[in-house]
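In: next come a sequence and a model predicted from it.
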Amino acid sequence: MCKNPDGKQIKVGILGATGTVGQRFITLLAKHPWFTIHVLGASSRSAGKSYTQAVIWKQTMPIPSVVRDMIVHECYPEHFAECAIIFSGLDADAAGEIESAFRSADLAIFSNAKNYRRDPSVPLIVPLVNDSHLSIIPQQQALQNPPLKKGFIVTNANCATTGYVIPLRALERAFGPIESCLVTTMQAISGAGYPGVPSLDIIDNVVPHIGGEEEKIEWETLKILGGIADGDDGMKTFDMHARHPLRVSASCNRVPVIDGHMMCVSVRFQQRPPPSPQQVREALVAYTPEAQSIGCPSVPVHAIFVHEEPDRPQPRLDRYYQDGAGVSVGRVRQCPVLDIKFVVLANNVSIGAATSSIINAELAVLKGVVKVE
């Protein structure tokens, strides 16, 4: 088995291990070259049971043997003290207090929950976009009482936000600031968790509302694509793309697809004249995030795969390409209202959830943010 750069296997724990995201964490971490699953955490209903007894398994592969007989614990820090990294797949209703307690216990938390995304000292990281935001973690640690040596929280973004900011970052890197963006989402039912949307609401139907989703996409985009600035008080702050204001308008829809969020995106560039569709295609293909160049093992070969076919990407055909760790883009063409429009597909339970957290942790190990003893 390939070891991490320090030559050690890294013990990790999973919070919310019986849920949809927790199950995805397990399928990915069971075969990870650096991380080894050491503790599973879930609610009091599951605590004391073997994982097989506690879980309603909904993945397409069998429960990995490494966790089948593992006893599930309640989500208390003392059960996870030997772990260098904690992955949180907790629902937002439970995540806030639990993740705070784990951080206070000097544990490193990589969270899929929304609770701390707006915290001014917590990085909101899409690993193929803005891993430089890990640099705010020392400030987060210093602000805790008492200050922390190893504990912190890193969040990944909303599953729909994650998918479309990857091509936006590629375009801003190649052509400079984007002024305006319109995004319309067609979001899979797995994004609502299990058991999800009632069948009578989603079969033969599209629901043109997902509570709080549009606001999250519009706000998160600015934090992710923006930089970190030094304030007058010496504190670092997220600049929310303020140096080049970006307007985002999102419309979100729930559609009868199991996995795979699709987004129709139109953008206007500050640069005049704007790039041509062919220049945009070339920039998307050429995009290489730092996570690729420094050797994160879970990073896809293609951060962005560009389809030439006029009817791709499609969720059923493309959501599992590269194990769902990258995004697929197609139909790049001129927009008669803005400048360029295209379609993005992202696997919402992979790069939109567990995979992002895992690559964030890999980045933190390689950058020395996680201390491996």
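Out: Looks like it came in fine.
In: quick check: phi and psi on the residue lying closest to residue 197 once chain neighbours are set aside?
Out: Leaving aside its chain neighbours, residue 197 sits nearest to residue 189 (5.0 Å; criterion: CB to CB, 6 or more residues apart in numbering). C-beta: built from backbone N, CA, C; applies to glycine. The phi/psi pair for residue 189 (degrees, to the nearest 10) reads phi -70, psi -20.
In: start at 38, not 1
Out: New numbering, starting at 38: the last item is residue 226.
In: do I have it right that residue 226 meets residue 233?
Out: Yes. Between residue 226 and residue 233 there is a contact at 4.9 Å, judged by CB atoms under 8 Å.
In: what secondary structure does residue 171 sit in?
Out: Classification of residue 171 using DSSP: H, G, I helix; E, B strand; the rest coil returns helix.
In: and it, what does it touch?
Out: 160, 162, 191, 400-401, 404, 406 (CB atoms under 8 Å, 6 or more residues apart in numbering).
In: from these, pick the one nearest residue 274.
Out: The nearest member of the contacts of residue 171 to residue 274, counting by CB to CB, is residue 160 at 12.1 Å.
In: that closest one touches residue 173, doesn't it?
Out: Yes. Using CB under 8 Å, residue 160 and residue 173 qualify as a contacting pair, with a distance of 5.5 Å.
In: more neighbours: those two, which one.
Out: residue 160 (28 against 20; other CB atoms under 10 Å).
In: excluding covalently adjacent residues, which one is nearest to that one?
Out: residue 170 (3.9 Å).
In: confirm residue 210 sits in a helix?
Out: Yes. According to three-state DSSP, residue 210 belongs to a helix.
In: spatially nearest residue to it (excluding sequence neighbours)?
Out: The nearest residue in space to residue 210 (CB to CB, 6+ apart) is residue 324, at 7.0 Å.
In: next one, pLDDT for the one you found please.
Out: As predicted, residue 324 sits at a pLDDT of 98.
In: count the residues that sit near it.
Out: Residue 324: 21 surrounding residues under other CB under 10 Å.
In: same question, residue 366
Out: By other CB under 10 Å, neighbour count at residue 366 equals 28.
In: which residues of the stretch 138-287 of the chain fall in strands?
Out: 145-148, 189-192, 215-224, 265-267, 273-275, 284-291 (DSSP state E, counting those that start in this stretch).
In: next, the angle from the longest one to strand 284-291.
Out: Okay, so that is strand 215-224. 10 degrees (axes from the mean of the first three to the mean of the last three CA atoms, to 10 degrees).
In: quick one: strands adjacent to strand 215-224?
Out: Looking at strand 215-224 with DSSP bridges, its partner strands are strand 284-291 (parallel), strand 298-306 (antiparallel).
In: chain center to stretch 92-109, what's the gap?
Out: 23 Å (CA atoms, centre = their mean, to the nearest Å).
In: now that stretch: buried residues?
Out: 92, 100-101, 104, 107, 109 (16 or more other CB atoms under 10 Å).
In: pLDDT on that stretch, on average?
Out: On average, stretch 92-109 scores 95.
In: alpha carbons only: can I get that stretch in CSV?
Out: What follows is stretch 92-109 as a C-alpha-only set of coordinates in CSV (Å, rounded to 0.1, in the frame of the first residue of the first chain):
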residue,chain,number,x,y,z
VAL,A,92,-26.5,1.0,8.7
ILE,A,93,-29.1,0.9,5.9
TRP,A,94,-26.5,0.4,3.2
LYS,A,95,-27.4,2.2,0.0
GLN,A,96,-24.2,2.0,-2.0
THR,A,97,-23.7,0.0,-5.2
MET,A,98,-20.8,-2.0,-3.7
PRO,A,99,-20.9,-4.3,-0.6
ILE,A,100,-20.0,-2.9,2.8
PRO,A,101,-16.2,-2.9,2.8
SER,A,102,-14.7,-5.6,5.1
VAL,A,103,-12.6,-3.1,7.0
VAL,A,104,-15.8,-1.7,8.6
ARG,A,105,-18.3,-4.5,8.6
ASP,A,106,-17.7,-5.6,12.2
MET,A,107,-16.4,-2.2,13.5
ILE,A,108,-18.4,-1.0,16.5
VAL,A,109,-20.1,2.3,16.0
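In: now for residue 278, how many residues are close by?
Out: Counted with other CB under 10 Å, the neighbours of residue 278 add up to 20.
In: report pLDDT for it.
Out: As predicted, residue 278 sits at a pLDDT of 95.
In: so what's the closest residue to it other than its chain neighbours up against?
Out: Excluding the flanking residues, the one nearest residue 278 by CB to CB, 6+ apart is residue 263, at 3.9 Å. Counting by CB under 8 Å, 6+ apart, residue 263 touches 275-279.
In: so where do the helices sit in the stretch 288-410 of the chain?
Out: Using DSSP state H, counting those that start in this stretch, the helices of the stretch 288-410 of the chain run over 314-323, 327-330, 352-355, 392-403.
In: I meant the stretch 88-237 of the chain, not that one.
Out: Using DSSP H, counting those that start in this stretch, helices in the stretch 88-237 of the chain cover 88-91, 102-105, 129-141, 174-180, 196-212, 236-239.
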